[in-house]
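J.: Just a sequence and a predicted model for now, questions to come.
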Amino acid sequence: MATNSLRLTLLSRTYCHLCHDMEVALAPLAADFGAEVVVLDVDADDALEARWGELVPVLLHEDHELCHYFLEAAKVRDYLSQFR
């Protein structure tokens with residue numbers, strides 16, 4: 001069973017269509033696992049922008065990078081399965 005502590009972080013930009021696409025595609029997958037998705041704007045944080053630059057969107061669980069640019073749904077589903 002999923003716990004409320006499962007938090008995914010989506011590093012995004014407000015003007016990025018790939019970021020918006022990943023957020024929309026991620027929503028049902030996150031709901032299936034009871035995961036909270038926190039969206040952070042890399043342009044609002046100098047450290048995030050310096051670290052991730054043009055790699056966004058990036059999906060993270062804690063410090064683990066799950067995917068970037070496009071949602072790799074099967075890979076993310078397999079990863080999240082370990083928390084059930």
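T.: Perfect, thanks for sending it.

J.: Can you pull up the most central residue in the protein?
T.: The centroid of the chain falls nearest to residue 59 when counting by Cα atoms, centre = their mean (2.7 Å).

J.: for the biggest helix by length in the chain, the distance to its chain's centre please.
T.: For the chain, the longest helix by residue count, based on DSSP state H, is helix 17-33. Relative to its chain's centre, helix 17-33 lies at 8 Å (Cα atoms, centre = their mean, to the nearest Å).

J.: Check what contacts the helix or strand just after it and list those residues.
T.: As assigned by DSSP states H and E, the chain's next helix or strand after helix 17-33 is strand 36-41. Outside of strand 36-41, the residues within contact range by Cβ atoms under 8 Å, 6 or more residues apart in numbering are 4, 6-14, 23, 26-27, 30, 48. Bear in mind the C-beta positions are built from the backbone N, C-alpha and C, glycine included.

J.: Please spell out which residues along strand 36-41 are buried.
T.: For strand 36-41, the neighbour count (16 or more other Cβ atoms under 10 Å) marks 37, 39, 40 as buried.

J.: Note down every partner strand of that strand and its orientation.
T.: The partner list of strand 36-41 in its sheet, established with DSSP bridges, is strand 7-12 (parallel).
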